[in-house]
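Q: With the input below, show me the fold.
(chains A and B)
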Amino acid sequence: DTEVTQTPKHLVMGMTNKKSLKCEQHMGHRAMYWYKQKAKKPPELMFVYSYEKLSINESVPSRFSPECPNSSLLNLHLHALQPEDSALYLCASSQEIQLGDSPLHFGNGTRLTVT
Amino acid sequence: AQSVAQPEDQVNVAEGNPLTVKCTYSVSGNPYLFWYVQYPNRGLQFLLKYITGDNLVKGSYGFEAEFNKSQTSFHLKKPSALVSDSALYFCAVRDGFNAGNNRKLIWGLGTSLAVNP
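A: Numbering: from 1, shown residues only, chains lettered A, B, ... in the order given. Take a look at the predicted model:
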């Protein structure tokens, strides 16, 4: 069982909808991440939060809006998405705040379909 | 340019046989190397890492990997494959040159492992 919990597991939304993805970890990790993954491809980094502050935004379109309410929670707010945004969205956490200094712990992801 | 290569898109092996999934890298400085596995409809799971020390690293589920600095490789191995090992495997390397928010974790394209009964 994963120690990073993501909800919902599946989400279908229209291009005019607003929805949110949620992620929770209770390992005391200091960094949390959002990744986007297309089928059979490596994950693509979107955002990094360190100590609840946004530290990296990989030039992600503004229709994706991250939020870190506290050290255990990470949200990704979605608005006016495009069909090409359909993908598996993965949340991850790590003990160390610098990317790659410690292993990433991933959730099982939210499978997003934009219609 | 910094890069990670997994030269095989697919590896097929019979159950009980040894398996190897290859990874080579090109980064500046001392690399931190990772292997992750992704089972169908799941997130990625960390298998093992090399940061420093013994070149042979042991990880989860009986997997191990050997760091070879001269060949810039970090191949994943298991002495006896199981059908349940069938999954997508990713090699990743942290670049050793950049620091702070400029540091990158570079991913290979993945290797699909099929273990046949």
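Q: Contact partners for A:Pro103?
A: Residues counted as contacts of A:Pro103 (C-beta atoms under 8 Å, 6 or more residues apart in numbering or on different chains) are A:Ser94, B:Phe34, B:Phe46, B:Lys49. (C-beta placed from N, C-alpha, C; glycine too.)
Q: let's see it at 10 Å
A: Contact criterion C-beta atoms under 10 Å, 6 or more residues apart in numbering or on different chains gives A:92-96, B:32, B:34-36, B:45-49, B:92 as the residues in contact with A:Pro103.
Q: Type out the PyMOL command that picks the buried ones from the residues you listed.
A: In PyMOL, a selection of the buried entries from those looks like this (16 or more other C-beta atoms under 10 Å in any protein chain shown):
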select buried, (chain A and resi 92+93+94) or (chain B and resi 32+34+35+36+45+46+47+48+49+92)
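Q: quick check, nearest of the contacts of A:Pro103 to B:Asn12?
A: Minimum distance to B:Asn12 across these is 18.9 Å, recorded for B:Trp35 (C-beta to C-beta).
Q: Show me what that closest one is bridged to.
A: According to DSSP bridges, B:Leu48, B:Cys91 are recorded as the beta-bridge partners of B:Trp35.
Q: Tell me which helix or strand in chain A has the weakest average pLDDT.
A: Of all regular secondary-structure elements in chain A, judged by mean pLDDT, DSSP states H and E, the least confident is strand A:53-57 with a mean of 94.
Q: What helices and strands are in contact with it?
A: Under the contact criterion of 3 or more C-beta pairs under 10 Å, 6 or more residues apart in numbering or on different chains; DSSP states H and E, strand A:53-57 touches strand A:31-37, strand A:44-50, strand A:64-70.
Q: This completes my enquiry, with thanks.
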